[in-house]
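Participant: Quick one: sequence and predicted model below, then my questions.
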Amino acid sequence: MSPTFRSLHNPNYRRYAAGAVVSNTGTWMQRVAQDWLVLQLAVNGGTAVGITTGLQFLPALLLSPLAGVVADRVPKRSLLQVTQVMMAVPAFLLGLLAVTGVAEVWHVYVLALVFGIGTAFDAPARQSFVSEIVSDDDLTNAVGLNSASFNAARVVGPAVAGVLIAALGGGATATGWVIMINAVTYLAPILALRRMNPETLSTVTPAGRTPGMAREGLRYVRSRPDLMLVLAIVFVVGTFGLNFQMTSALMATDVFGKGATEYGLLGTFMAVGSLTGALLAARRTRIRLRLVVVAAIAFGLSEVVAGLLPTYLTFAVWMPVLGLTALTMITAANTLMQVSTAPALRGRVMALYLMIFMGGTPLGAPVVGWVGETFGARWTLLGGGAMTLIGVGIATALYLLRPGARSPVLTPAGGAGSLFPRVWDNQAVARARK
């Protein structure tokens with residue numbers, strides 16, 4: 001089997017990946033439909049989309065420490081089946097409200113928040129569950145393939161949503177049908193999880209209930225300068241740079257005067273680059289901390305360029321570059337956090353990672369939406385790219401100024417290392433755990 005797809009030799013992972021791609025496609029369809037619904041219902045569309053996005057990601061900021069503890073204390077396979085239902089129900093209700101013509105902006109706000117609660121508990125369990133499905137040697141590959149699956153869905157989902165919304169009339173009712181389709185897609189991962197063979201899973205013994213479990217995960221991360229640098233970078237990028245749903249909607253409508261189909265296609269073009277980045281990541285057997293830094297800088301620069309492009313065509317052509325740089329940074333950061341963390345703490349560490357990464361969006365989305373409404377849509381990209389570059393530069397400088405930042409690596413599972421020679425190797429990680 002090709003090195004890019006080597007994790008697929010595992011039957012449990014094949015089932016997991018198949019369910020994920022169906023659900024991810026539906027999720028991307030809903031993201032496009034939900035934003036389009038808000039633009040149809042709200043007077044100040046950009047601000048309303050920003051508030052919706054912020055509310056959807058707010059639970060990740062508030063509940064991730066608790067979600068990480070739950071992920072380490074509850075069997076992840078069972079927990080994930082529950083979280084799929086927690087996301088399907090608000091999706092179905094929002095779709096039903098839109099189809100029946102009674103949806104209002106506040107309905108979207110409330111249900112986006114409820115959906116975000118399900119996502120907050122799903123994400124750390126789903127991220128850390130991968131290490132129970134595949135071996136240590138295949139973990140980096142599996143993380144890369146998960147990103148590829150997510151972005152393959154990102155190629156298909158927005159385009160399908162845009163076409164369906166346009167074919168069904170382009171109004172609020174049309175978006176409701178698309179959102180209801182997403183509610184149905186959650187059946188796929190539930191069935192995949194139930195059909196897994198539990199005997200071949202490397203199930204981690206759930207952690208016992210002890211006081212201060214969330215603080216233990218925080219202390220562990222604070223003792224790791226390399227992980228602190230990753231968290232600082234993903235916070236800056238997630239807060240100011242990765243508001244693609246909103247920036248693409250504003251650019252499509254306010255700057256280029258396009259409709260739902262063209263807006264959906266922008267997400268597809270971006271996902272082409274993201275999918276390429278994910279497949280390249282799946283081929284890597286070593287992950288360098290330097291890759292996270294360089295990819296974040298490249299992303300910031302590419303976002304500034306996107307804000308300067310004069311036409312819809314040039315903007316759409318540039319989208320794969322944005323997707324490639326963003327996904328390279330995200331996959332490298334995600335892999336480093338998982339591969340270099342002790343298994344017993346992985347749920348809490350990944351919860352903290354997701355809290356920083358996804359939780360920054362509620363802070364940045366309303367600001368970016370306000371910037372788009374006040375100064376114009378282009379400034380959402382110009383400002384986001386500039387803030388990304390400044391933030392990454394400051395975080396990297398502070399890391400390099402820290403005593404011992406350039407010292408030799410201690411161990412893949414526990415020590416601090418340098419920015420430039422540091423390498424995570426799957427086989428070395430496996431030996432360290434033994």
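Facilitator: Structure's in. What do you need?

Participant: drop to CA atoms for contacts and neighbour counts, all remaining ones
Facilitator: Noted.

Participant: roughly how far apart are Ile165 and Trp177?
Facilitator: 8 Å (Cα to Cα, to the nearest Å).

Participant: Ok, Gly170 next?
Facilitator: 11 Å.

Participant: do the same with Ala18
Facilitator: From Ala18 to Trp177 the distance is 23 Å (Cα to Cα).

Participant: if you count what's nearby, which of these two comes out ahead?
Facilitator: For Ala18 and Trp177, the more surrounded residue by other Cα atoms under 10 Å is Trp177, and the numbers stand at 22 against 14.

Participant: Just the local confidence number for the more buried one, please.
Facilitator: With respect to pLDDT, Trp177 has a value of 95.

Participant: what's near enough to touch it?
Facilitator: Gly95, Leu96, Ala98, Val99 (Cα atoms under 8 Å, 6 or more residues apart in numbering).

Participant: Including pLDDT, could those residues go into TSV?
Facilitator: As requested, these are exported to TSV (pLDDT from 0 to 100):
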residue	pLDDT
Gly95	94
Leu96	95
Ala98	93
Val99	94
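
Participant: Which stretches in the stretch 151-300 of the chain count as strands?
Facilitator: Assigned strands in the stretch 151-300 of the chain, in chain order: 286-287 (criterion: DSSP state E, counting those that start in this stretch).

Participant: List the buried residues in stretch 43-53.
Facilitator: Gly45, Gly46, Thr47, Ala48, Val49, Gly50, Ile51, Thr52, Thr53 (16 or more other Cα atoms under 10 Å).

Participant: residue contacts, the residue nearest the centre of the chain?
Facilitator: For the chain, Met358 is the residue whose C-alpha lies nearest the centre (Cα atoms, centre = their mean; 7.0 Å). Counting by Cα under 8 Å, 6+ apart, Met358 touches Phe57, Ala60, Leu61, Phe235, Gly238.

Participant: Three-state assignment for it, please.
Facilitator: helix (DSSP: H, G, I helix; E, B strand; the rest coil).

Participant: how near is it to Gly391?
Facilitator: Counting by Cα to Cα, the gap from Met358 to Gly391 is 17 Å.

Participant: what's the answer for Thr27, then?
Facilitator: Taken as Cα to Cα, the span from Thr27 to Gly391 is 30 Å.

Participant: More neighbours: the two, which one.
Facilitator: Between Thr27 and Gly391, Thr27 has the larger neighbour count (other Cα under 10 Å), namely 26 against 22.

Participant: Helix or strand: which one has the more buried one?
Facilitator: Assigned by DSSP states H and E, Thr27 belongs to helix 11-41.

Participant: Determine the three-state secondary structure at Val102.
Facilitator: coil.

Participant: and it, how many residues sit next to it?
Facilitator: 11.

Participant: Same question for the one 5 residues further on.
Facilitator: Using other Cα under 10 Å, His107 has 15 other residues around it.

Participant: Pretty sure it sits against Leu96.
Facilitator: No: using Cα atoms under 8 Å as the test, His107 is too far from Leu96 to be in contact (11.2 Å).

Participant: How much space separates Asn334 from Leu354?
Facilitator: In terms of Cα to Cα, Asn334 sits 9 Å off from Leu354.

Participant: who's more crowded, those two?
Facilitator: Shown here are Asn334 and Leu354; by other Cα under 10 Å, Leu354 has more neighbours (25 against 22).

Participant: and the gap between that one and Val294?
Facilitator: 21 Å.

Participant: Extract the residue ranges of this structure that are flagged as low pLDDT.
Facilitator: 1-2, 151, 154-155, 204-212, 245, 285, 359-362, 403-434 (pLDDT under 70).

Participant: Spatially, which residue comes closest to Lys263, not counting chain neighbours?
Facilitator: Actually, residue 263 is Tyr. It isn't Lys. The spatial neighbour of Tyr263 that comes closest, neighbours along the chain excluded (Cα to Cα, 6 or more residues apart in numbering), is Ala252 at 5.6 Å.

Participant: and that neighbour, how many neighbours?
Facilitator: 24.

Participant: shouldn't it be in contact with Gly264?
Facilitator: No: assessed by Cα under 8 Å, Ala252 is found out of contact with Gly264, at 9.3 Å.

Participant: State the number of residues packed around Gly393.
Facilitator: Residues near Gly393, counting by other Cα under 10 Å: 16.

Participant: tell me what the helix or strand that contains it is packed against?
Facilitator: Under the criterion of DSSP H and E, Gly393 resides in helix 378-401. For helix 378-401, the packing partners by 3 or more Cα pairs under 8 Å, 6 or more residues apart in numbering; DSSP states H and E come out as helix 225-236, helix 289-308, helix 346-375.

Participant: what angle do that helix and helix 225-236 make?
Facilitator: Orientation note: helix 378-401 sits at an angle of 170 degrees relative to helix 225-236 (axes from the mean of the first three to the mean of the last three Cα atoms, to 10 degrees).

Participant: can you give me the helices in the stretch 51-200 of the chain?
Facilitator: 76-99, 105-133, 139-167, 172-185, 187-195 (DSSP state H, counting those that start in this stretch).

Participant: Please list the residues outside the shortest one that contact it.
Facilitator: Residues from elsewhere that reach helix 187-195 (Cα under 8 Å, 6+ apart): Arg15, Tyr16, Ala18, Gly19, Ala20, Val22, Ser23, Arg77, Leu80, Gln81, Gln84.

Participant: For PyMOL, write a command that selects the buried ones of those residues.
Facilitator: Only the buried entries of those go into this PyMOL selection, using 16+ other Cα under 10 Å:
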select buried, resi 15+16+19+20+22+23+77+80+81+84
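
Participant: Report the separation between the residue nearest to the centre of the chain and Phe235.
Facilitator: 8 Å.

Participant: Over to Ala377?
Facilitator: Taken as Cα to Cα, the span from Ala377 to Phe235 is 22 Å.

Participant: again, but for Tyr13
Facilitator: 30 Å.

Participant: got it, and Phe244?
Facilitator: Distance from Phe244 to Phe235, by Cα to Cα: 15 Å.

Participant: Mind checking which of these two has more residues around it?
Facilitator: Phe235 (24 against 17).

Participant: how near is the more buried one to Thr200?
Facilitator: Phe235 is 36 Å from Thr200, by Cα to Cα.

Participant: Then Val272?
Facilitator: Distance, Val272 to Thr200, using Cα to Cα: 34 Å.

Participant: Looking at those two, which is more packed in?
Facilitator: Using other Cα under 10 Å as the criterion, Val272 and Thr200 rank with Val272 on top: 22 against 13.
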